[in-house]
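Enquirer: predicted model, plus sequence, below.
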Amino acid sequence: MADEPARQRQRLDKWLFFARIAKSRTLAQGWVEAGHVSVNDEKVRRPSADVKIGDRLEVMTPDRDVVVIVKAPGESRRPFDEARLLYEDISPPRQKLTRFEQATREPGAGRPEKKQRREIDRLKGRLDFGED
């Protein structure tokens, strides 16, 4: 029975990989070492740190912030439907953008229009052959 508590704990990087939060174990190690992962509201810098059932993990991924509660240790990397059983996702919901919001740009974003391009050329001192 001495092995029972040891089976309930798992390396943080392995668990992130098995739970399919990270695409690779190396990526999970990088997130932990960079300080993007906290366990029970404490930053963790060691990928070898143990996680156990009931721990609250906050992971800042490039796509979004993930907040999960560990429900079980992983045995191996399984399909998403099975990996989803390893945790309870309590992440804040993503804000959905409407199609109009996705299609519009902020003023000044993107390529300059013709008028803006002419103003830039004047500022840079390029010759303007259209004026006398």
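Expert: Yep, that arrived. Numbers count the residues shown, from 1 in each chain.
Enquirer: could you pull out the strands for this protein?
Expert: Per DSSP state E, the chain has strands spanning 9-11, 37-39, 42-43, 50-52, 56-60, 65-70, 87-89. These are given in chain order.
Enquirer: contacting residues around the longest one?
Expert: Counting by CB atoms under 8 Å, 6 or more residues apart in numbering, strand 65-70 makes contact with 15, 19, 21, 51-60, 86-92, all of which sit outside it. The C-beta positions use only the backbone N, C-alpha and C, and glycine is treated the same way.
Enquirer: any of those residues buried? List them.
Expert: Burial by neighbour count, judged by 16 or more other CB atoms under 10 Å, picks out 15, 19, 21, 51, 55, 57-59, 86-87 from the contacts of strand 65-70.
Enquirer: between the residues you listed, which is closest to residue 113?
Expert: Nearest to residue 113 out of the buried ones among the contacts of strand 65-70 is residue 59 (CB to CB; 40.9 Å).
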